[in-house]
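> Have a look at this fold, sequence not included:
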């Protein structure tokens, strides 16, 4: 069995991956709150932004954490198409869950359906990302820990969607985001501790790209997207602020008439 190191770079990758998960969660929750106060095209656009933010945050969390993953006795490469597919899966399933909550008439049913769909999708993203790993050897999984990681993913997704429906204040959103980030990180490392590798030494070149060639630049780009979008959402007025501004301008307009 090859020795697995999940934090070869020390606490840098776990801490940074947790920050990415929290940022995506915070942005997604804020956008969902905005969506629930909007109608028509505006609601759809806010929900799309929320889904993209949460999906991006989860995917970035996973692969930033993978930057610190090492297996003794073998190099590691990543299959580029499968890695990109895992990103699309993350966004698609989160989008399905968020839209179920945003447009569902029966919110309890929408919450359960959305949480289950999103949780299973997050778990699928994680294991699809693991399927993209190329190394000299065979990868195995402990079924009990895999099951536990899926349960954590479903619970985290359901809790996040519940928070989007019930939490409004910025402080509450921040606390919910910290908890969601912890849940997503727990799901990731539970899934990683389910992994075992039987190394088969070989001198052949591995197919795919190294983490620094592909994962790192993509994670930096997606992380930048999260922070820039967070700034945009923070600076954009809420529906209440727009109504207050319109009310303040109306007397001036009437007087001018």
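In hand now; what should we look at? As the structure is a computational prediction, the values presented were derived from the model and not from experiment.
> shaky segments in this protein?
By pLDDT under 70, the weakly predicted segments of the chain are 1, 234-257.
> what helix or strand does residue 27 sit in?
Assessed by DSSP states H and E, residue 27 sits inside helix 12-36.
> just residue 165 next, same as before
Using DSSP H and E, residue 165 falls in helix 143-166.
> Would you mind getting the angle between the next helix or strand after that helix and helix 12-36?
Per DSSP H and E, the first helix or strand lying C-terminal to helix 143-166 is helix 170-193. Calculated by axes from the mean of the first three to the mean of the last three Cα atoms, to 10 degrees, helix 170-193 forms an angle of 130 degrees with helix 12-36.
> tell me what helix 170-193 is packed against?
Secondary-structure packing of helix 170-193 (3 or more Cβ pairs under 8 Å, 6 or more residues apart in numbering; DSSP states H and E): helix 12-36, helix 40-66, helix 107-131, helix 143-166. To be clear about C-beta, it is placed using only N, CA and C from the backbone, and glycine gets the same treatment.
> picking that back up, any buried residues in the helix holding residue 27, and which?
When burial is assessed from 16 or more other Cβ atoms under 10 Å, helix 12-36 yields the following buried residues: 13-14, 16-36.
> For the spatially most central residue of the chain, give me its contacts.
In the chain, the residue lying closest to the centroid (Cα atoms, centre = their mean) is residue 58, at 2.0 Å. Counting by Cβ atoms under 8 Å, 6 or more residues apart in numbering, residue 58 makes contact with 21, 24, 90, 94, 122, 125, 184.
> Of the residues you listed, which is the most crowded?
Ranked by the number of neighbours (other Cβ atoms under 10 Å), the contacts of residue 58 place residue 24 first, at 33 neighbours.
> Would you enumerate the residues in contact with it?
53, 54, 55, 56, 57, 58, 60, 61, 226.
> where does the closest residue to it other than its chain neighbours sit relative to residue 180, distance-wise?
Distances taken as Cβ to Cβ, 6 or more residues apart in numbering place residue 57 nearest to residue 24, at 1.4 Å, with adjacent residues excluded. Distance, residue 57 to residue 180, using Cβ to Cβ, to the nearest Å: 9 Å.
> who's more crowded, these two?
Set residue 57 next to residue 180 and count neighbours by other Cβ under 10 Å: residue 57 wins out with 30 against 25.
> thinking the more buried one is in contact with residue 25, fair?
Yes - with contact defined as Cβ atoms under 8 Å, residue 57 reaches residue 25; the gap is 6.0 Å.
> any common contacting residues for the two?
The contact lists of residue 57 and residue 25 share residue 184, where a contact means Cβ under 8 Å, 6+ apart.
> The residue nearest to residue 24 and residue 15, how far apart?
Counting by Cβ to Cβ, the gap from residue 57 to residue 15 is 15 Å.
> Residue 197 belongs to a strand?
Yes - when classified by DSSP: H, G, I helix; E, B strand; the rest coil, residue 197 is found to be part of a strand.
> Tell me the one of the contacts of residue 24 nearest residue 110?
residue 54 (16.2 Å; Cβ to Cβ).
> That closest one touches residue 25, doesn't it?
Yes - counting by Cβ under 8 Å, residue 54 does reach residue 25; the two are 6.4 Å apart.
> Now for those two: what residues contact both?
By Cβ under 8 Å, 6+ apart, the residues touching both residue 54 and residue 25 are residue 160.
> how many neighbours does residue 96 have?
The burial count for residue 96: 15, using other Cβ under 10 Å.
> Now that it has come up, it's in contact with residue 116, right?
No - Residue 96 is beyond contact range of residue 116, at 10.5 Å (criterion: Cβ under 8 Å).
> Any idea how far stretch 199-218 is from the middle of the chain?
Here stretch 199-218 is found 24 Å from its chain centre; the criterion is Cα atoms, centre = their mean, to the nearest Å.
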